[in-house]
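>>> Kindly return the folded structure for what I paste below:
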Amino acid sequence: MGKLAEWCAGQPAWAVDAMQRAASCSQDVDADADALVCRIGLAHGLAIEGEHPCQPFTEDSIVAVGASPDDVILHSVGPLEGLDRLAGGQVLKFALDGITIVFGENGSGKSGYTRALRQLTCVREEAPLEGNVFAGDSSPAKSITYTYRAGDGDAVTATWSEGQPKPAALGGATLLDTENLRVYVSGKSDILYMPPEAACVGRLADLYQAAGDRFRSWIGDATRRCARSFGGHYTPGTTASALIGRLQVATAEAELPTEHALREAASWGPDAEAELANLQTELVQGPAATAALCDRIATSCLTVAASLEGAAAALTDDAVAADEALVDARQRTRRVAEALAAERIGSQPIAATGSDTWRELFGFARQFAAEAGVRMRGEPFAVGDPCPLCQQALGEDAAARLTAFDAYVEGRATQEAELAAGAVAQRTAALRALTFKPEAELRTLLGEAATQGEPAQALVDRTVAFGNALEARRDERVSQLDAGRIADLATLPASPVDDLRNWAAQLTDHAATLRSGDDRTAAAVSRVAELTDRRQMSGQIEELVARRNELSNILAWKRCEAALNTGPLSRLMTSLRKDLTTPGLKARIEEEIGNFALTHIPLQFSDETSKGTSFFEVALATTRKAKKSRILSEGEQRALSLACFLAESHVAGRKSGIILDDPVTSLDHGRVRCVARRLVDEAAKGRQIIVFTHNLVFYNELTLACVDRAVPVPALPCLIQQGGSGEFGIVSVGDAPWVARKVREREQTLKTMIDDIPDDLAVASDAYRGRCTGFYAALRETWERAVEEIVLNDVVRRYGPTVGTLRLGGVDVSDDDFMLIHRAMTRASEHSGHDQAAGRQIETPSKAQMRADLAELTGFRSAKTKSNREAEDRRRSLAAEPPKAAVG
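Coordinates of the predicted model:
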């Protein structure tokens, strides 16, 4: 019996059923969570419709990978629509075996393709897509077309649109860029690749969490509904009042009244109706009735007085007199701030710089810069920092401008203006929050009072008039505050609050006097209250029962939520991880740390499980708290992150593709070579490797690593570059970057440049001269490459790490070679954009001359390659044996 089966042996049936669902991944998480909710609800006394039998757990049903296919090859990505400023109609294809090396210089659009791939593949840190922010409101909807093949199946083309979930078919492919590699440095990382048993427990924890979320949502909604005031209109001390008083959220389950008790207390019939009628007749003319009337009128007067007093306090003459000072302060400080803005930053290109909208935008930009670790608030931007708005490196003027913005925003005048504006807004909000009883409600509340004579009716009229005047004064002052102009308000009539309270006190005293000499009435009043509440409860019984049941459900949901504690799952996951995952992961990380020459740093491996999720971290081996990002260099951080990722990927035994965006930034040459060889090693195992880079040294190391093996690894070079008309993201599959091409490859490009010149294009035109200049500039660079590759026989290579001393045997430079190269370089330089003296009047070459100059290069390459081989063969024989000695 395995550990999962042992764990299930001590669990309730609903937990065993959930484990089986997590093991088999038979449905999606929502469906399985619904099933778990039903079964745990039945186990804890909830009424659930239908049959919900619990299935047993079988270890044989554990699936290894779940919804992430591990045999998917990504054929291509594109066309992309609505992303950044990328050109439409482009398709970036990938090698189906071996490694794809995508080269693109800064600003070519390369990052746009990696952002698109982030939406399709597995990443630790997600990032939203951006459209063409320079296109106004007409940017098309964002979509990504991609093609893939699963196993031996046919290629499938699909389109992802913004807002859709990631395609499940590409769930096994992982993309790593700077943000995702930084996760390994910033703290603990969840272990993405777990053995089937541990992954099963992880899925079970997800089910527990999803089911718990449902219960928490229901508890929250029901608690808010039941938290509202309820049952306050029942007379204190009656049976109905006592029962309803227990229908509260805070009532313990043992104290919650049963449905039977509620219905019994609400029973009502003809006998009870007759008894109540007789008692009411007895009391209608007695002292108790008068006392009750006095109490009701007193209560109404006090209620109205309290309502008026609360609103009147904010609208007294003294209170409203302070409003003018608030508005004056807002206008004065705003004028000072605007004058300061005009003085300090008023010369900016956008006239609204310094406005409220601008300050809010700048505040968000400042917050973003702090969260991204660029500059904290209060810390000035420096030259070279990325701008928090456009992401471009700041020049001196831009850094100074942001410093001026900081000084303005943080300045005293701006702060005082914001405080003054806030004070006005706070006063306006407080006035708007005042509530006034409508005239109809006031007259209803004071209806019995108005029947007690002309003075009472006059007091009611005064009260209504005062309430209306208060509301009108509030509305007028709010309007003035909004407009920023304070004017005199109409005078309020005399407040009736004191008169209402004095009359209420007199009525209360009179009611007490009436009751003090009437024992029979007291008993009758108590019985009338009991019967009245009972009759009212009878009419409300279904509402009361529904509330009682909802409170009972809340208690049951809380029991269910408590039962879904993930603590036991975390302990089970820890046990499985230590047996199945940790040893291999730790050993592999230590091996990769050695591969990347990080053994000089004291590091330690740690792991833990929380809420069913396993984490690991490679931390600094120190007794003091220290962040790796503060101690390690940028290169060491990146090398450590790559080591962790490759170790984790290796331990998982996954075969799905890896996509990397500039993985060697900040690495020294030795580690660049290590990364290149490790990635080629993975490609040699059959894993699809796709690398985006702008680093020519890394590009060269990858190509050399592919060749430098007993069985070379196929490599597909691709280019992403700007188009001639300013387009970004132009894709060229199978092309190496110009600086990495050999002479023979460049010759074909030079030929195409000549062929692309229209035959009818006038030689004297600027368009022709521009194409001619471009051709000769490329020709001059190719002659320079020919010196390195052919004349010097690649003894020393640009972007290469070694000196090929053994190739020195093929170097044989004659005077004719020197003169031919000298003349060709001179001629190319004359026509490649170098500024010439006006008196020279150099004639613009024709297309025929260009072809002749290209043919000269081609002929030189062919002849010189042959002579190099002959020299190498000759010198090899010289080195093979000593010269023969003469004999006599």
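
>>> Residue 378 sits in which helix or strand?
Residue 378 is part of no helix or strand when elements are defined by DSSP states H and E.

>>> can you check residue 147 too?
Using DSSP H and E, residue 147 sits in strand 143-150.

>>> After that strand, which helix or strand is next?
strand 156-161.

>>> which neighbours does that next one have in its sheet, and in what orientation?
Strand 156-161 pairs in its sheet with strand 143-150 (antiparallel), by DSSP bridges.

>>> List the buried residues in the strand it pairs with.
For strand 143-150, the neighbour count (16 or more other C-beta atoms under 10 Å) marks 143-149 as buried. Quick note: C-beta positions are derived from backbone N, CA and C, even for glycine.

>>> got it, and stretch 488-498?
Going by neighbour count (16+ other C-beta under 10 Å), the buried part of stretch 488-498 is 489, 492, 495-497.

>>> Could you point out the helix or strand that follows the helix or strand of the chain with the lowest mean pLDDT?
Least confident element among the helices and strands of the chain, by mean pLDDT, DSSP states H and E: strand 189-190 (a mean of 61). Next helix or strand after strand 189-190 toward the C-terminus (DSSP H and E): helix 196-227.

>>> need the next SSE after that next one, C-terminal direction.
Going down the chain from helix 196-227, the next helix or strand is helix 239-245, by DSSP H and E.

>>> residues touching residue 828, list them.
By C-beta atoms under 8 Å, 6 or more residues apart in numbering, residue 828 lies in contact with 776-777, 779-780, 783, 853.

>>> from the chain's centre, how far out does the longest helix along the chain sit?
Using DSSP state H to define each element, the chain has its longest helix at helix 847-880. Distance, stretch centre to chain centre, for helix 847-880: 58 Å (C-alpha atoms, centre = their mean, to the nearest Å).

>>> Also stretch 466-478?
Chain-centre distance of stretch 466-478: 47 Å, with C-alpha atoms, centre = their mean.

>>> For it, list every residue counted as buried.
Neighbour-count burial for stretch 466-478 flags 466-467, 469-471, 473-474, 477-478 (criterion: 16+ other C-beta under 10 Å).

>>> Just the CA atoms of it, as CSV, please.
Provided in CSV are the C-alpha atoms of stretch 466-478 (Å, rounded to 0.1, in the frame of the first residue of the first chain):
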residue,chain,number,x,y,z
PHE,A,466,-37.4,72.9,9.7
GLY,A,467,-36.6,69.5,8.1
ASN,A,468,-37.4,70.9,4.6
ALA,A,469,-35.3,74.0,5.3
LEU,A,470,-32.4,71.9,6.4
GLU,A,471,-32.5,69.8,3.3
ALA,A,472,-32.8,72.9,1.1
ARG,A,473,-29.8,74.5,2.9
ARG,A,474,-27.7,71.4,2.4
ASP,A,475,-28.5,71.2,-1.3
GLU,A,476,-27.7,74.9,-1.9
ARG,A,477,-24.4,74.7,0.0
VAL,A,478,-23.3,71.5,-1.9
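
>>> And the contacts of that stretch?
308, 311-312, 314-315, 320, 323, 428, 431-432, 434, 436-437, 439, 442, 489-490, 492-496.

>>> rerun that using 6 Å as the cut-off
311-312, 315, 320, 431, 434, 436, 442, 489, 492-493, 496 (C-beta atoms under 6 Å, 6 or more residues apart in numbering).

>>> Check which helices and strands the helix or strand containing residue 508 sits against.
Element membership for residue 508, per DSSP H and E: helix 497-516. Applying 3 or more C-beta pairs under 6 Å, 6 or more residues apart in numbering; DSSP states H and E, we find helix 497-516 packed against helix 287-313.

>>> Show residues contacting the strand or helix carrying residue 38.
Using DSSP H and E, residue 38 sits in helix 29-43. By C-beta under 6 Å, 6+ apart, the surrounding residues in contact with helix 29-43 are 14, 17-18, 21, 48, 52, 54, 206-207, 210-211, 214, 560.

>>> For it, list the C-alpha coordinates in CSV.
Extracted C-alpha coordinates of helix 29-43, given in CSV (Å, rounded to 0.1, in the frame of the first residue of the first chain):
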residue,chain,number,x,y,z
VAL,A,29,-11.3,21.6,-11.3
ASP,A,30,-14.7,23.4,-11.2
ALA,A,31,-16.7,20.2,-11.8
ASP,A,32,-14.7,18.2,-9.3
ALA,A,33,-15.0,21.0,-6.7
ASP,A,34,-18.8,20.9,-7.2
ALA,A,35,-18.7,17.2,-6.5
LEU,A,36,-16.6,17.7,-3.4
VAL,A,37,-19.0,20.4,-2.2
CYS,A,38,-22.0,18.1,-2.5
ARG,A,39,-20.3,15.2,-0.7
ILE,A,40,-18.8,17.2,2.2
GLY,A,41,-22.1,19.0,2.5
LEU,A,42,-24.1,15.8,2.9
ALA,A,43,-21.5,14.6,5.5
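
>>> same for the helix or strand that it is followed by, what does it pack against?
Next along the chain after helix 29-43, taking DSSP H and E as the criterion, comes strand 72-81. The elements that strand 72-81 packs onto, with contact taken as 3+ C-beta pairs under 6 Å, 6+ apart, are strand 92-93, strand 143-150.

>>> Let's have the ones you listed in a markdown table, adding mean pLDDT.
Formatted as a markdown table, the helices and strands packed on strand 72-81 follow (pLDDT from 0 to 100):
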| stretch | mean pLDDT |
| --- | --- |
| strand 92-93 | 91 |
| strand 143-150 | 90 |
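
>>> can those go into TSV with extra columns for distance to residue 501?
What follows is those, written out as TSV (distance: least, C-beta to C-beta, whole Å):
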stretch	distance to residue 501
strand 92-93	82
strand 143-150	71
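
>>> wait, which of those is closest to residue 602?
Proximity to residue 602 (C-beta to C-beta) singles out strand 92-93 among the helices and strands packed on strand 72-81, at 42.6 Å.

>>> Residues contacting the closest one from elsewhere in the structure, which ones?
76-78, 113, 731, 733.

>>> coming back round to it: buried subset of the contacts of helix 29-43, written for ChimeraX?
Selection command for ChimeraX covering only the buried members of the contacts of helix 29-43, criterion 16+ other C-beta under 10 Å:
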select :14,17,18,21,54,206,207,210,211,214,560
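
>>> biggest separation within the contacts of helix 29-43, which pair?
Within those, two members stand farthest from each other by C-beta to C-beta: 48 and 206, at 22.1 Å.

>>> hang on, residue 421 packs against residue 329?
No. In this structure residue 421 lies outside contact range of residue 329 using C-beta atoms under 6 Å: 9.2 Å.

>>> Buried residues in stretch 81-101, which are they?
By 16+ other C-beta under 10 Å, the buried positions in stretch 81-101 come out as 81-87, 90, 92-95, 98-101.

>>> I meant to write stretch 302-322 there.
302, 304-305, 307-308, 311-312, 314-315, 320.

>>> Let me know the closest of the residues you listed to residue 118.
Among those, and counting by C-beta to C-beta, the member closest to residue 118 is residue 314, at 54.0 Å.

>>> re the thing from before, just so I know, which of the helices and strands packed on strand 72-81 lies nearest residue 718?
Closest among the helices and strands packed on strand 72-81, once you apply C-beta to C-beta, is strand 92-93, at 6.4 Å.

>>> so how far is residue 489 from residue 476?
6 Å (C-beta to C-beta, to the nearest Å).
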